[in-house]
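1. Curious how this folds, go ahead:
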Amino acid sequence: MKVVVIGGVAGGMSAATRLRRLDEQAEIVVLERGAHVSYANCGLPYFLGGVIEERDALLVQTPEALRTRFRIDVRVRHEAVAVDRTERTLRVRDLVSGDEYAESYDRLVLSPGARPFVPQLPGVERAFTLRDVSDTDRIAAALTAGAGSAVVVGAGFIGVEAAENLRHRGLDVTLVELADQVLPPLDPEMAAPLADELRAGGIRLALAAQLKEVRAHDVLLDDGEVVPADVVLMAIGVRPDVELARVAGLAIGPRGGIAVDEAGRTSDPLIHAVGDAAEKRDALSGESTLVPLANLANRHGRLVADAIAGRPVSARPATGTAVVQIFGLTAAATGWNEKRLRAAGRPYQAVHLHPGSHAGYYPGASPIALKVLYDPSDLRILGAQAVGADGVDKRIDVIATAMAGGLTAPGLADLELAYAPPYGSAKDPVNMAGMIAENLVTGTDRTVQWHELAAVRDAGATVVDVRTSTEHARGAIPGAVNIPLDELRERSAELPAGDLVVHCQVGLRGHTALRLLAGLGRDAANLDGGYATWSAGQAA
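-> Numbering: from 1, shown residues only. Here you go, the predicted model:
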């Protein structure tokens, strides 16, 4: 059997090496139009910033090493330009010599990846993209030539990583984002601390702004502002590279990627597709989606190799779990965010909490902002987001695993997680999120979200701040009545008639206050996530 793989990074190379481990006799050819294969594209921003010091550290494998160890014929700077599905041949162009030749196949794997989206703007040809090692080399050359300022367009994961690393190199950096927040995959109250962290790191933010023109040494924004820019980096997003598949007559899915089944087969059963070019199945909606993440590309490359080798396979639906570092903070997310749920008209319940990364009495604990979303009818976990200095990735990974296992939100309370004071708490943040969900489900608690508070107050509710007077003086919700929790029982007669919304700093004392007032016959709701979540929402 002869298998030709188009694309030698992530999914494509995972398919090729896995297939070799399963079938020693197969003839395996990999065609890569770039100059490198099997490189660490997720490490590219960190090489620009000098965090990864050696360029060779990005090159996980070379064609020579792959030939020696796996007997794979890897051809860099070779591009497949056409597929003849009837004859099972490819037309391949040697990008160095310009010569073209025919290459036969029994099975074909498409892993062409995605192309950065670059809008058609005046002067945009001066801008860089960051997708492969060659892109990195070009940007590094500009930095070495004495660049002192940079504009990064797009504040998604790649954009913020690039902005941070260019700042590490000493450049004056402006981050331009069309949305009114950084990291649009997060909800606004979760992204607000990350915007503060970027500003504290010396990065200027231009939010709700759009690039209008790239000029010789600066850029022009849509509000007329001129921003110095020796280097312009476009990180708006990527589009699946489906041109070869389209010309070959393969089905393109509703999201613009190559349509595949659960074994990675395209509309031609002899052709598979993996990676950023192929559509996935969303874990929540069951519909097609695009998830340009390296872990999925590698997983699906392995899966396709198994399918070609005759093993029964079925790709799990994707939740899009992702993590990013921004100076001293980490942000991670899995599943859907609240914005997407609301736009889809899907019922949900949100839970906010701000626990410590580990036991508070052990040195070095820092707060985590954790948000969990679940379906109020079947209690299925719909998504989660977390931001903090430490322990964020661990909690999101646990919740992503719980989602894959079909655990409910209250079920998080019963997870038996590793605990020692340097690593966590006896009640882990994930357990605490489950306990809050359980309280909501059983009616033990009732919450109001930060963005609902204004409407609730307009309807006549009184806001009661149960923090200490010192905390209240440091910052408070305007018009809130301050009665510290430890005085609330004795001073409950001071509360006006009608509905009450109680709050503390992060929600825990607010819950205690709600239960106390319920015992006294008063109707109250707890401000979810407390003053910390409300203030982050106002900042957003």
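
2. From here on, just use CA atoms for contacts and neighbour counts.
-> Fine.

3. show me where pLDDT drops low in the chain?
-> Within the chain, no range satisfies pLDDT under 70.

4. tell me the centre residue of it?
-> Nearest residue to the geometric centre of the chain (CA atoms, centre = their mean): Ala322, 3.7 Å.

5. so who does that residue touch?
-> Neighbour list for Ala322: 293, 332-334 [criterion: CA atoms under 8 Å, 6 or more residues apart in numbering].

6. So which residues of the stretch 151-300 of the chain form helices?
-> For the stretch 151-300 of the chain, the helices defined by DSSP state H, counting those that start in this stretch cover 157-168, 188-200, 243-247, 294-308.

7. circling back: quick one: the residue nearest to the centre of the chain from Glu87, how far?
-> Distance, Ala322 to Glu87, using CA to CA, to the nearest Å: 41 Å.

8. again with Pro376
-> 54 Å.

9. And for Gly405?
-> 44 Å.

10. among the contacts of Ala322, who's most crowded?
-> Neighbour counts for those (other CA atoms under 10 Å) peak at Ala333, which has 29 neighbours.

11. Is it correct that it is in contact with Gly383?
-> Yes. Between Ala333 and Gly383 a contact is recorded at 7.4 Å, counting by CA atoms under 8 Å.

12. still on that earlier bit, nearest to Val372, of the helices of the stretch 151-300 of the chain?
-> Each of those has some distance to Val372 by CA to CA; the shortest is helix 188-200, at 11.4 Å.

13. Show me what the closest one packs onto, helices and strands only.
-> Packing partners of helix 188-200 (3 or more CA pairs under 8 Å, 6 or more residues apart in numbering; DSSP states H and E): strand 203-207, strand 322-326, strand 329-335, strand 381-388, helix 530-539.

14. sec struct for Val463, please.
-> strand (DSSP: H, G, I helix; E, B strand; the rest coil).

15. Tell me how far it lies from Val274.
-> 53 Å.

16. Between the two, which has more neighbouring residues?
-> Taking other CA under 10 Å, Val463 and Val274 do not tie; Val274 has more neighbours (34 against 25).

17. Not counting residues beside it along the chain, what's closest to that one?
-> Once flanking residues are discounted, Val274 sits nearest to Ser111: 5.3 Å by CA to CA, 6 or more residues apart in numbering.

18. Spit out the contact partners of the one you found.
-> 5-9, 11-12, 273-277.

19. again, 6 Å this time
-> Going by CA atoms under 6 Å, 6 or more residues apart in numbering, Ser111 touches 6-7, 12, 273-275.

20. Can you give me the neighbour number for the residue nearest to Pro347 when sequence neighbours are not counted?
-> Nearest residue to Pro347 in three dimensions, chain neighbours excluded: Asp375, at 6.2 Å (CA to CA, 6+ apart). Residues within reach of Asp375, counting by other CA under 10 Å, total 17.

21. Use 31 as the first number from now on
-> Right, with 31 as the first residue, what we last looked at is Asp405.

22. how close does Asp405 sit to Tyr135?
-> Relative to Tyr135, and taking CA to CA, Asp405 is found at 47 Å.

23. With Leu550 instead?
-> 77 Å.

24. which SS state does Tyr407 fall under?
-> Wrong residue type there; residue 407 is Ser, not Tyr. Taking three-state DSSP, the label given to Ser407 is coil.

25. and it, how far is that from Ala259?
-> From Ser407 to Ala259 the distance is 51 Å (CA to CA).

26. So between the two, which is more surrounded?
-> Ala259 (25 against 10).

27. residue contacts, the more buried one?
-> Here Ala259 is in contact with 179-181, 247-248 (CA under 6 Å, 6+ apart).

28. Okay, and which of these map to strands?
-> Members of these lying in strands (criterion: DSSP state E): 179-181, 248.

29. Which of those ranks first by neighbour count?
-> Val181 (29 neighbours).

30. beta partners of it?
-> Bridge pairing for Val181 (DSSP bridges) gives the partners Thr204, Val262.

31. wait, isn't it in contact with Thr204?
-> Yes. Here Val181 lies in contact with Thr204, judged by CA atoms under 6 Å, at a distance of 4.8 Å.

32. Could you check stretch 230-247 and say which residues are buried?
-> Buried residues in stretch 230-247, counted by 16 or more other CA atoms under 10 Å: 232-237, 239-245.

33. how close does the residue of the chain positioned farthest from its centre get to Leu224?
-> The centre of the chain is farthest from one residue, Ala523, which by CA atoms, centre = their mean lies 48.2 Å away. For Ala523, the distance to Leu224 (CA to CA) stands at 41 Å.
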